[in-house]
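Need a 3D model of the sequence below.
(one chain, ligands or ions: 2)
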Amino acid sequence: MADQPPTVNSDIPENSKERFSLIKEQFVKKFGCEPIFFARAPGRVNLIGEHIDYCGYGVLPMAVEQDIVIAVATQDNGKLNLSNVDSQYVDFECDVAKYEINSSNPVWYNYFLCGFRGMSEMLGLTEPTGMQCMVHGLVPCNAGLSSSSALVCCAALATMQANGQQRSKKEIADMCASCERYIGTQGGGMDQAISFMAQMGTAKKIDFNPLREESVMLPSDVVFVVSNCCVEKNKAASSDFNTRVVECRLASQIIAKVKNLDWRQFKRFADLQRALGASLSEMVAIVGSVLHEGAYMKSEVCEVLGVSQEELAQTSLSANTLQVSEFQLRKRALHVYSEAGRVERFQEVCNTAPPGASGILGSLMNDSHTSCSVMYECSCTELDDLVKICVEAGAIGSRLTGAGWGGCAISMVPSSVMESFLAAVVEKYYQARGLGPRVGEALFATQPGSGAAVYLA
Ligand code: ADP
Ligand code: MG
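Numbers count the residues shown, from 1 in each chain. Ligands and ions are numbered 1, 2, ... in the order given. Sure thing, here's the model as predicted:
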């Protein structure tokens, strides 16, 4: 199923018809002609497995209903014209063969260009066909539901269709994971994988290198609720995300060096674990004995690895982490290895449904949040408060989802207490902070949605 290309479908889903016709209307108004197709790619919510995809470990997301839709027509003047239904996003025009992706100022169309460039390169096209595009997004931005990847994936899919080509979902997802890095973030591939491989009604365990997916049936007596703490975090506009990626790399490399491995070969914790032939819990013990508490200054990292700062930049750093002077290695490594274990256990409990399954899953989610907040330091006060309020309101488990530093929590709530749960969260978080007017878009129950697809207009 995941090896098939994304569906080309002439039947726009009944509940999307009104929205698609509004996007079409905007398209006609802007470009004076009709679109020939729509591309659609969903955002996602990660149930468990945070900040571990780029370390080579499996994660457990599902697609959300919220998505990016792009109405597209081709044109033969060699131009790419981008417009957005939301007028806060300015129009953009460039030649299909001549444009730059500006990672130091990640304006919205740069995400489109990531997908456009990635797909053009994958198809071997130096001059892809010109396109007129009208973009409409419903994924909350900068909130951990991966609006960025939905846009990148949707742009790649639109480019493929416009050029009359087909590739499998896995191939496109792998390519999109790489091409979103043109914006500067060194992500791992979860967001792009689930955007293409999602299936209505089921969460997915996604594994990497090579990309694989397995359906995971969630308990039927619970509802998953997304709540946005309303603190925004653009991942490409700060170095926080890449600093975590680099800390993981450096920790892998130092452990590899101490264990007499060729440390330059190691960038990911999963590869290190494989080379050492150790279990996840043995890796936790190894981290505890090799890496010290507190920060490593850059000079200490260089000394341990036996390299100059210039060489370290080559082997381990990204463009926006060259200036970072200290790195937390032990805490980050302990988070990743323990979180990878929680994902395995979560999947096993879903598959075997032992008595008290929901309770076990809830505890795993709570532990994941604590680890993200304390060890990985990727939460924020508002998000920690919101998670606490969700648990007090009756969630069996609650945790930040996505990269963090703001954005959303995901809570697992018994169906029987849903109403009182929502009422309590509205009162204690949203109303208490004057965010009452935002409840409609910020707090919602979600079910596993379907993956990216093309619809003929
Ligand atoms: P997220 O957690 O939502 O993926 P990121 O910081 O990775 O957050 O990326 C969000 C960025 O993606 C936004 O700042 C914006 O530039 C772009 N984006 C997302 N949705 C849209 C949209 N509907 N229209 C235009 N740009 C969008
Ligand atoms: Mg993103």
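
how far away is the closest residue to ligand 1 within the stretch 351-457 of the chain from S178?
The nearest approach of the stretch 351-457 of the chain to ligand 1 comes at G402, 5.2 Å away (CB to the nearest ligand atom). C-beta coordinates here come from the backbone N, C-alpha and C atoms, glycine included. Distance, G402 to S178, using CB to CB, to the nearest Å: 20 Å.

More neighbours: which of these two?
Applying other CB atoms under 10 Å to G402 and S178 shows that G402 carries more neighbours, namely 28 against 15.

and the more buried one, what element?
Using DSSP states H and E, G402 is not contained in any helix or strand.

what's the nearest residue to it if we skip its chain neighbours?
In space, and not counting its chain neighbours, G402 is closest to G144: 2.3 Å by CB to CB, 6 or more residues apart in numbering.

List the residues that contact the one you found.
Applying CB atoms under 8 Å, 6 or more residues apart in numbering to G144 gives the contacts K233, L400, T401, G402, A403, G404, G406, G407, C408.

Among the residues you listed, which one is most surrounded by other residues?
T401 (30 neighbours).

Is it correct that that residue is in contact with V45?
Yes: between T401 and V45 a contact is recorded at 5.4 Å, counting by CB atoms under 8 Å.

what sits in contact with each of these two?
L145, V226, C408, I410.

what are the ranges of the strands in the stretch 201-350 of the chain?
Ranges of strands in the stretch 201-350 of the chain, per DSSP state E, counting those that start in this stretch, are 203-207, 212-216, 222-228, 295-297, 326-328.

need the residues of the stretch 51-200 of the chain near ligand 1, please.
68, 84, 89, 106, 108, 111, 135, 137, 139, 141-148, 151 (CB under 6 Å from any ligand atom).

same thing but at 8 Å, please
Proximity of the stretch 51-200 of the chain to ligand 1, by CB under 8 Å from any ligand atom, involves residues 68, 84, 86, 89, 106-112, 135-151, 185, 191.

Just confirm the residue nearest to G402 is within a strand.
No: judged by DSSP: H, G, I helix; E, B strand; the rest coil, G144 forms no part of a strand; its state is coil.

Now which of the residues of the stretch 51-200 of the chain next to ligand 1 would you call buried?
Buried members of these, counted by 16 or more other CB atoms under 10 Å: 68, 84, 89, 106, 108-112, 135-151, 185, 191.

Figure out the helix or strand that S379 lives in.
Using DSSP H and E, S379 sits in no helix or strand.

So what's the residue count around it?
Using other CB under 10 Å: S379 sits among 24 other residues.

For the stretch 301-450 of the chain, which segments count as helices?
Here the stretch 301-450 of the chain has its helices, by DSSP state H, counting those that start in this stretch, at 309-316, 330-352, 357-370, 381-392, 418-425, 439-442.

Would you mind listing where the stretch 301-450 of the chain has pLDDT under the threshold?
Within the stretch 301-450 of the chain, no stretch has pLDDT under 70.

what does it put close to ligand 1?
By the rule CB under 8 Å from any ligand atom, the part of the stretch 301-450 of the chain lying against ligand 1 is G402, A403, G407.

so how far is ligand 2 from the last one?
In this case it means G407. Here G407 is placed at a distance of 9 Å from ligand 2 (CB to the ion, to the nearest Å).

List the contacts of that residue.
With CB under 8 Å, 6+ apart, G407 has these contacts: 140, 142-145, 228-229, 231-233, 383, 400-401.

try 6 Å this time
Contact analysis of G407 by CB atoms under 6 Å, 6 or more residues apart in numbering lists A143, G144.

before we move on, the earlier item: of all pairs in the contacts of G144, which one spans the longest distance?
Farthest pair in those (CB to CB) is K233 and T401. Separation: 12.6 Å.

Taking the chain, what residue is nearest to ligand 2?
Here the residue of the chain nearest ligand 2 is S148; by CB to the ion that distance is 3.2 Å.

Can you check what pLDDT the model gives the closest residue to that residue other than its chain neighbours?
Distances taken as CB to CB, 6+ apart place Y111 nearest to S148, at 5.5 Å, with adjacent residues excluded. Per-residue confidence at Y111 stands at 98 (pLDDT).

swap in N9?
At N9, the model reports a pLDDT of 89.

Also M1?
60.

now the one 5 residues further on
P6 carries a pLDDT value of 92.

That one is in contact with A452, isn't it?
Yes: assessed by CB atoms under 6 Å, P6 is found in contact with A452 at 4.8 Å.

Looking at those two, which has the bigger crowd around it?
Neighbour totals were compared for P6 and A452, and A452 leads with 28 against 25 (other CB under 10 Å).
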